[in-house]
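> Just to be clear, the model below is a prediction. Sequence and coordinates:
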Amino acid sequence: MTSMGDFPAWAAWLVAFCVLSGSAVTLVGSLGLLRLGNFYARVHAPTLGATFGMGAILLGSALYFTVLETRPVVHEILIALFVTFTTPVTLMLLARAALYRDRTEGDRDVPPADAVEDLIPPGHG
């Protein structure tokens, strides 16, 4: 690996911006986890923070290693694909498990399943 003296200033600023903005988005998502009221509201903030924050941080990492090694780095692309596909699926599974639990316990804040199915237009569910 080369020394940081060989790294161009424009790339250093761009990498710093990507990493700092990605970490700020992730921090906001984490704060949303603490601040929001119920499970259904809390589950969205960290998911969005993880997905968008991860994207910006990996973009900065890819730029850094691409400029240093003068070749594209694909490890970051694979990580981004994996996290982008698994994070929303995990959100969906957690939300469905919570809905099932709340409906079986008779929670009044959650509408029954047949009431929700009446709201879905034909051909969209």
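Yep, it's here.

> Give me the buried positions along stretch 13-33.
Neighbour-count burial for stretch 13-33 flags Leu14, Val15, Cys18, Val19, Ser21, Gly22, Val25, Thr26, Gly29, Gly32 (criterion: 16 or more other Cβ atoms under 10 Å). The C-beta positions use only the backbone N, C-alpha and C, and glycine is treated the same way.

> same deal with stretch 85-103?
Thr87, Leu91, Ala98, Leu99, Asp102.

> circling back to that earlier point, let's see which of the buried residues of stretch 13-33 end up in strands.
Among these, no member falls in strands (DSSP state E).

> among these, which two are most distant?
Greatest spacing in the buried residues of stretch 13-33, by Cβ to Cβ: Leu14 and Gly32 (27.2 Å).

> Quick check: mean pLDDT of the one helix or strand Leu99 maps to?
Using DSSP states H and E, Leu99 maps to helix 75-105. For helix 75-105, mean pLDDT is 85.

> Pull the distance from stretch 35-42 to the chain's centre.
Relative to its chain's centre, stretch 35-42 lies at 16 Å (Cα atoms, centre = their mean, to the nearest Å).

> What residues sit buried inside that stretch?
Buried-residue list, stretch 35-42, by 16+ other Cβ under 10 Å: empty.

> Endpoints of it, how far apart?
With Cα to Cα, to the nearest Å as the measure, stretch 35-42 spans 8 Å from end to end.

> So which residues make contact with that stretch?
Gly32, Leu33, Ala45, Ala95, Ala98, Asp109 (Cβ atoms under 8 Å, 6 or more residues apart in numbering).

> quick one: which of those residues is nearest Val73?
Ala45 (29.9 Å).

> any weak-confidence spans in the chain?
1-5, 70, 107-125 (pLDDT under 70).

> ok, for Phe52, nearest residue in space, not its chain neighbours?
Val25 (5.0 Å; Cβ to Cβ, 6 or more residues apart in numbering).

> cool, Val67 as well?
Ala11 (4.6 Å).

> who's in contact with the residue nearest to Phe52?
With Cβ under 8 Å, 6+ apart, Val25 has these contacts: Gly49, Phe52, Gly53, Ala56.

> Widest-spaced pair of those residues?
Pairwise over the contacts of Val25, using Cβ to Cβ, the maximum falls at Gly49 and Ala56, 10.7 Å.

> I'm done for today, thanks for sticking with me.
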